[in-house]
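*Asks:* A structural model of the following input is requested.
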Amino acid sequence: MSFGRDLQLERENRGVSLEELAQGTKVPSRFLCALEADNFSGLPGGVFNKGIVSSYCRHLGIAEESWLARFAASTHTSSDERDWAVFAENVKRNRVQMGTGMRQHWWGVLLLLIVLVALAWVTWHYVIQPGVRPYGVFSSSMLRLPENPGSGLQGPGAC
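*Replies:* Predicted structure coming up:
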């Protein structure tokens with residue numbers, strides 16, 4: 001017997017219609033029909049095929065790993081396709097793990113930007129334009145007292 005025919009018999013033995021299977025797995029019935037008819041060219045290809053077989057098996061409650069192995073043997077997938085399937089699964093796993101690490105990464109970038117802005121401000125005010133003073137800041141040389149303190153003062157009663 002063929003892979004697709006055996007899979008169809010498993011489904012029929014459990015009393016599950018093709019429409020129920022399509023609704024339960026969210027896989028279009030045309031792909032399920034192609035799978036049961038061993039029409040592998042009618043499947044979307046690549047990792048999606050493995051996902052369809054996995055969903056099919058999970059919905060029926062049958063051993064997923066053994067059916068996936070049979071599917072791979074019946075489609076004669078090359079090692080390149082299997083490598084891509086493994087790669088895609090690893091990417092999915094790592095995306096979930098990287099979620100919190102990326103948030104910490106952005107906090108570091110924000111802190112670095114704040115430090116750079118502060119450094120630019122200090123450089124501008126103390127290196128590039130050191131002679132320009134902000135309003136209200138005076139040096140001791142700006143406050144000169146008159147040399148003859150009594151001569152310039154004219155108070156009440158002075159002639």
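*Asks:* how many neighbours does residue 63 have?
*Replies:* For residue 63, the neighbour count with other Cβ atoms under 10 Å is 10. Bear in mind the C-beta positions are built from the backbone N, C-alpha and C, glycine included.
*Asks:* mind listing what it touches?
*Replies:* Residues counted as contacts of residue 63 (Cβ atoms under 8 Å, 6 or more residues apart in numbering) are residue 57.
*Asks:* same thing but 10 Å
*Replies:* 57, 69 (Cβ atoms under 10 Å, 6 or more residues apart in numbering).
*Asks:* for it, grab phi and psi.
*Replies:* phi -60, psi 110 (degrees, to the nearest 10).
*Asks:* what of residue 124?
*Replies:* phi -60, psi -50.
*Asks:* could you do residue 19 as well?
*Replies:* According to degrees, to the nearest 10, residue 19 has phi -70, psi -40.
*Asks:* state the number of residues packed around it.
*Replies:* 10.
*Asks:* surely residue 23 touches residue 29?
*Replies:* Yes - when contacts are counted by Cβ atoms under 10 Å, residue 23 is listed as touching residue 29 (9.2 Å).
*Asks:* shared neighbours of these two, which are they?
*Replies:* Joint contacts of residue 23 and residue 29 (Cβ under 10 Å, 6+ apart) are residue 17.
*Asks:* how much space between residue 67 and residue 30?
*Replies:* 20 Å (Cβ to Cβ, to the nearest Å).
*Asks:* more neighbours, the two?
*Replies:* Taking other Cβ under 10 Å, residue 67 and residue 30 do not tie; residue 67 has more neighbours (19 against 12).
*Asks:* can you tell me the SS state at residue 4?
*Replies:* Following DSSP: H, G, I helix; E, B strand; the rest coil, we place residue 4 in the helix state.
*Asks:* who's in contact with it?
*Replies:* 32, 33, 34, 35, 36, 37, 38, 39, 40, 71, 74.
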